[in-house]
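Participant: I need the structure of the sequence given here:
(chains A and B)
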Protein chains: 2
Amino acid sequence: MANPAIAAVLVDWGTSRLRLWAVDGAGTVLGEARSGEGMGATEPRAFEGILEHHLAELGAGPKVPVMMCGMVGSRQGWQEAPYVEVPARLETIIERALPVSGTPREVRILPGIADRSVETPDVMRSEETQLLGLGRMAGNGAEGLVCMPGTHAKWVLMDEGATQVSGFATALTGDLFAALSRGSVLRHSLSGDAGLDGASFDKAVRAAIDEPARMLMRLFAIRSRALLHGADAAHASASLSGTIIGQDIAGALARFGKPERLTLVGGGTLGALYARALDLVGIATDVFDGEELARAGLFAAAVRVWPD
Amino acid sequence: MANPAIAAVLVDWGTSRLRLWAVDGAGTVLGEARSGEGMGATEPRAFEGILEHHLAELGAGPKVPVMMCGMVGSRQGWQEAPYVEVPARLETIIERALPVSGTPREVRILPGIADRSVETPDVMRSEETQLLGLGRMAGNGAEGLVCMPGTHAKWVLMDEGATQVSGFATALTGDLFAALSRGSVLRHSLSGDAGLDGASFDKAVRAAIDEPARMLMRLFAIRSRALLHGADAAHASASLSGTIIGQDIAGALARFGKPERLTLVGGGTLGALYARALDLVGIATDVFDGEELARAGLFAAAVRVWPD
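Facilitator: All right, here's what the predicted structure looks like:
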């Protein structure tokens, strides 16, 4: 049954996950849904059916508009929302929201951001919406460096009072961790749920930042410590994590310089590890939850596009 | 039928491969065998049967002694030949050749080398035998840094006229390449047989050595260049290879300092890539074939242990 209080539905449709929030005119969440129907496993013509199914469940009538972000707007997604290029004003993201064609309902997809330079080519899709939400929630305070950990961690430089992305870089962090955990000799030294060996993590972070050249040797040393010194899985897991997060931070400092504080997007275990690692090198963090930022960004876009 | 000219059989028994050479008293190869019966897939009590099967095929009578190296001497192998510790004289490797017990035939396994320090723990098994062969083939000329590319690349410092291993470090190079090729987002940009894009390889090597901190960002940029600039699989493969080999070299230079020339163990494609990368940073190479060195090392040990 349709809920007349629903003013819009906000959707973050990524490669592996789909999340929807039904909100009223003030942005209050009236209902939400999550599913594993990621864009990566979805045929182009199936998008509308999946979306409408969830909208019906949420009680969103046929006139309720839908604002989306994420890989759903990629070339392999529903319809391609071409990247906005850096330096990218966040308002431009909203202005370029792609109206999805061929649907009776009003549906838009926010575009991602690209750096098309030869030296530092890069792309993002969905993080720009979190940054839009960050600008709304933190205002000027979000100016400077933003760290967004994940499978492909993003480091973003926000300027002009946090209304613009002037540059960004993606690092193969979580993806590297997973590939090494599953596919290298280190799999023999790692266990699934090891808990955190804080001292080993800290040592690995410091070593990576002090001497990033020696990364490949430090990775093998994790195995050697298990063989020679009987180091356990908790040590191996913390060392691998610290080596990769430390290398990620070292890269960001080399690219963007070292700030006194930065905005860290991500609660949970991974966010806590980054906060700890950044603290070790004297960088304070303001932490925001990524999902909350995505919702705030989608809502800001919805309000601008459909002011009524 | 037994061949009376066979003076000894030399065996390199690794995790995934078994190689045997029947030699006369001068080291001339009279017959050889190769098989996939690696130590990793062999039950402890099956070693003797596999060995005797190949010895019979080669025509080695029951009095012919066998000198072995490799993972066959690890804890998970046939019998454990405890590591010699650094600084390790190569003669000590021979003196500590473990007589395999419980076999009517005279069989010995050369031990590996370990660095048991807390700072740089490390292990090798089979490379020490190649180094022994190198000392025999190159004499003093092999003093200094030795680069041994592979799944787990070894960098070794030889001193005392190339009769001693004073230190070494293993890097997770080939293993990392394979894990990323198969298990990360980069798999979408790589093809199996791309040929070498030399310019992309060189650029990646230089970038890794100039600024090793930015490795994780450069890895993701391989994907971004495919997405934004249509870079092909040959580019992606050469960039990944150059990034990892460059990082490996950067690590070795950080650990051991930069030599004018070094000994490179390894012919083939991988050896050629290392030679090219080292040349880019002004390091000349003397190249030796690893299999030939292993055989020379095993023969040197056999002659010392069984002088008749």
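Participant: mind listing what A:Ile113 touches?
Facilitator: A:Ile113 is in contact with A:Tyr83, A:Val84, A:Glu85, A:Val86, A:Ala88, A:Ile93, A:Val123, A:Met124, A:Glu127, A:Glu128, A:Val165, A:Phe168, counting by C-beta atoms under 8 Å, 6 or more residues apart in numbering or on different chains. The C-beta positions use only the backbone N, C-alpha and C, and glycine is treated the same way.
Participant: same question, A:Pro149
Facilitator: Here A:Pro149 is in contact with A:Thr173, A:Gly174, A:Ile245, A:Leu264, A:Val265, A:Gly266, A:Leu270, A:Gly271, A:Leu273, A:Tyr274 (C-beta under 8 Å, 6+ apart).
Participant: what's the first-to-last distance across stretch A:77-87?
Facilitator: Distance between the two ends of stretch A:77-87: 25 Å, counting by C-alpha to C-alpha, to the nearest Å.
Participant: coming back round to it: out of the contacts of A:Pro149, which is most surrounded?
Facilitator: A:Val265 (30 neighbours; other C-beta atoms under 10 Å in any protein chain shown).
Participant: Can you read off the backbone torsions of the residue nearest to it when sequence neighbours are not counted?
Facilitator: Once flanking residues are discounted, A:Val265 sits nearest to A:Met148: 4.5 Å by C-beta to C-beta, 6 or more residues apart in numbering or on different chains. Main-chain torsions, A:Met148, degrees, to the nearest 10: phi -120, psi 90.
Participant: Does A:Met148 touch A:Lys154 like I think?
Facilitator: Yes. Counting by C-beta atoms under 8 Å, A:Met148 touches A:Lys154, with 4.2 Å between them.
Participant: who touches both of these two?
Facilitator: A:Glu127.
Participant: Quick one: neighbours of A:Val118, just the number.
Facilitator: A:Val118: 8 surrounding residues under other C-beta under 10 Å.
Participant: what secondary structure does it sit in?
Facilitator: Three-state call for A:Val118 (DSSP: H, G, I helix; E, B strand; the rest coil): coil.
Participant: residue contacts, it?
Facilitator: B:His229.
Participant: and it, what pLDDT?
Facilitator: Per-residue pLDDT puts A:Val118 at 93.
Participant: before we move on, back to that, mark which of the contacts of A:Ile113 are part of strands, please.
Facilitator: If you go by DSSP state E, those have A:Val84, A:Glu85, A:Ala88, A:Val123, A:Met124, A:Val165, A:Phe168 in strands.
Participant: Of the contacts of A:Ile113 - the most surrounded one?
Facilitator: Among those, A:Val165 has the most neighbours (other C-beta under 10 Å), with 30 neighbours.
Participant: If I follow the layout properly, it ends up in contact with A:Glu128?
Facilitator: Yes. Contact criterion C-beta under 8 Å: A:Val165 and A:Glu128 qualify, at 7.0 Å.
Participant: State the number of residues packed around A:Phe177.
Facilitator: 21.
Participant: in the helix or strand harbouring it, what's buried?
Facilitator: Assigned by DSSP states H and E, A:Phe177 belongs to helix A:174-183. By neighbour count with 16 or more other C-beta atoms under 10 Å in any protein chain shown, helix A:174-183 contains the buried residues A:Gly174, A:Asp175, A:Leu176, A:Phe177, A:Ala179, A:Leu180, A:Ser181, A:Gly183.
Participant: Contacts for it, please.
Facilitator: With contacts defined as C-beta under 8 Å, 6+ apart, helix A:174-183 is touched by A:149-153, A:186-187, A:190, A:219, A:240-241, A:244, A:270, B:172, B:176, B:178-180, B:182-185, B:216, B:219.
Participant: hmm, back to that, out of the contacts of A:Ile113, the closest to A:Ala294 would be?
Facilitator: A:Glu127 (8.9 Å; C-beta to C-beta).
Participant: what separates that closest one from chain B, distance-wise?
Facilitator: To chain B, A:Glu127 is 13 Å away according to C-beta to the nearest C-beta, to the nearest Å.
Participant: Quick check: the gap between that residue and A:Gly150.
Facilitator: According to C-beta to C-beta, to the nearest Å, A:Glu127 and A:Gly150 sit 9 Å apart.
Participant: how about the strands in the stretch 201-308 of chain A?
Facilitator: A:261-265, A:284-288 (DSSP state E, counting those that start in this stretch).
Participant: export these to JSON lines and tack on mean pLDDT?
Facilitator: Below are these laid out as JSON lines (pLDDT from 0 to 100):
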{"stretch": "strand A:261-265", "mean pLDDT": "97"}
{"stretch": "strand A:284-288", "mean pLDDT": "97"}
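Participant: picking that back up, could you tell me which residues touch both of A:Val165 and A:Glu128?
Facilitator: Shared contacts of A:Val165 and A:Glu128, defined by C-beta under 8 Å, 6+ apart, are found at A:Ala88, A:Leu90, A:Ile113.
Participant: so what's the second one scoring on pLDDT?
Facilitator: So the one you mean is A:Leu90. 96.
Participant: what's the neighbour count on it?
Facilitator: Residues near A:Leu90, counting by other C-beta under 10 Å, number 25.
Participant: I'd assumed A:Thr163 was in contact with it.
Facilitator: Yes. With contact defined as C-beta under 8 Å, A:Leu90 and A:Thr163 form a contacting pair (5.6 Å).
Participant: list the residues that contact both of these two?
Facilitator: A:Gly135.
Participant: how about the helices in the stretch 101-250 of chain A?
Facilitator: A:127-138, A:174-183, A:198-210, A:215-229, A:233-256 (DSSP state H, counting those that start in this stretch).
Participant: Dump those to a markdown table, plus mean pLDDT and distance to B:Glu119.
Facilitator: Putting these into a markdown table (pLDDT from 0 to 100; distance: least, C-beta to C-beta, whole Å) gives the following:
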| stretch | mean pLDDT | distance to B:Glu119 |
| --- | --- | --- |
| helix A:127-138 | 96 | 38 |
| helix A:174-183 | 94 | 22 |
| helix A:198-210 | 97 | 10 |
| helix A:215-229 | 96 | 9 |
| helix A:233-256 | 96 | 13 |
